[in-house]
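>>> Sequence plus predicted model, see below.
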Amino acid sequence: AALTVRFLTRRFIGEYGDMEFIYSHNLTVDGREILFHIWDVPNSQEQTEESSSEEKRIQWADSFVLVYSICDRASFNILPLKIQFIKAAKEAQSQEKVPIVIVGNKRDLHHQRVVSSEEGRLLALSLDCGFYEVSAAE
C-alpha cells in the first residue's frame, strides 16, 4: 500500500491496515495518456492461493507488480507460488507472456535486510520477471 500511495501521490505514509483498494490514475508515458487501474491487495499468507477472489483479481489484471519487504523473508518466499499461479491462470487463456515485476521494498532499511538484492534478481531471472528494489519512504 505504501508503494501504491507513493506512486499515486508522491507522498509516503508508513502505516496501513489490511484493506483492498482499487485506484485509478492518469499518467503520460512517451507522450501518450495512460489510465492505470491499480488493485492494491495486502498479502495474506493464510489465504489459499486458489481462492475465487484471487482468481478474480488475476483475470481482472493485465500485468502484475508483486512487492515484498527486503526485511521479511516470508513475504519473499511466497512469491514463486504466487507467480506460478498467476502464469498458469493467465497463460491458459493466451499464449502471450504475462508481464510480472517483482519489487523489493524498504531498501532504506538495509540494516534490517534479510533478503539480498542478488536473491531478488535471481528469483526474477528464474521466473522470467522484471526486478527492482525501491524504498517507498525515499
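Perfect, thanks for sending it. In this text, all values refer to a predicted model and were calculated from it rather than measured experimentally. Numbers count the residues shown, from 1 in each chain.
>>> Please list the residues outside the host helix or strand of A74 that contact it.
For A74, the enclosing helix or strand under DSSP states H and E is helix 73-77. Defining contact as Cβ atoms under 8 Å, 6 or more residues apart in numbering, one finds that helix 73-77 is touched by N43, Q45, Y68, S69, I70, G104, V114, V115, E119, G120, L123. Bear in mind the C-beta positions are built from the backbone N, C-alpha and C, glycine included.
>>> Show the backbone phi and psi for V115.
V115 has phi and psi values of phi -120, psi 120 when expressed as degrees, to the nearest 10.
>>> Would you agree it is in contact with I102?
No - using Cβ atoms under 8 Å, V115 makes no contact with I102, being 10.8 Å away.
>>> Identify the contacts common to these two.
Jointly contacting V115 and I102 under the rule Cβ under 8 Å, 6+ apart are Y68.
>>> C-terminal to the lowest-mean-pLDDT helix or strand in the chain, what's the next element?
Lowest mean confidence among the helices and strands of the chain (mean pLDDT, DSSP states H and E): helix 2-9, at a mean of 68. Next along the chain after helix 2-9, taking DSSP H and E as the criterion, comes strand 21-29.
>>> Give the next helix or strand downstream of that next one.
Downstream of strand 21-29, the next assigned helix or strand under DSSP H and E is strand 32-40.
>>> Next, the buried residues of the helix or strand just after that next one.
Toward the C-terminus, strand 32-40 is succeeded by helix 52-60 as the next helix or strand (DSSP H and E). Using 16 or more other Cβ atoms under 10 Å as the test for burial, helix 52-60 gives E54, R57, I58.
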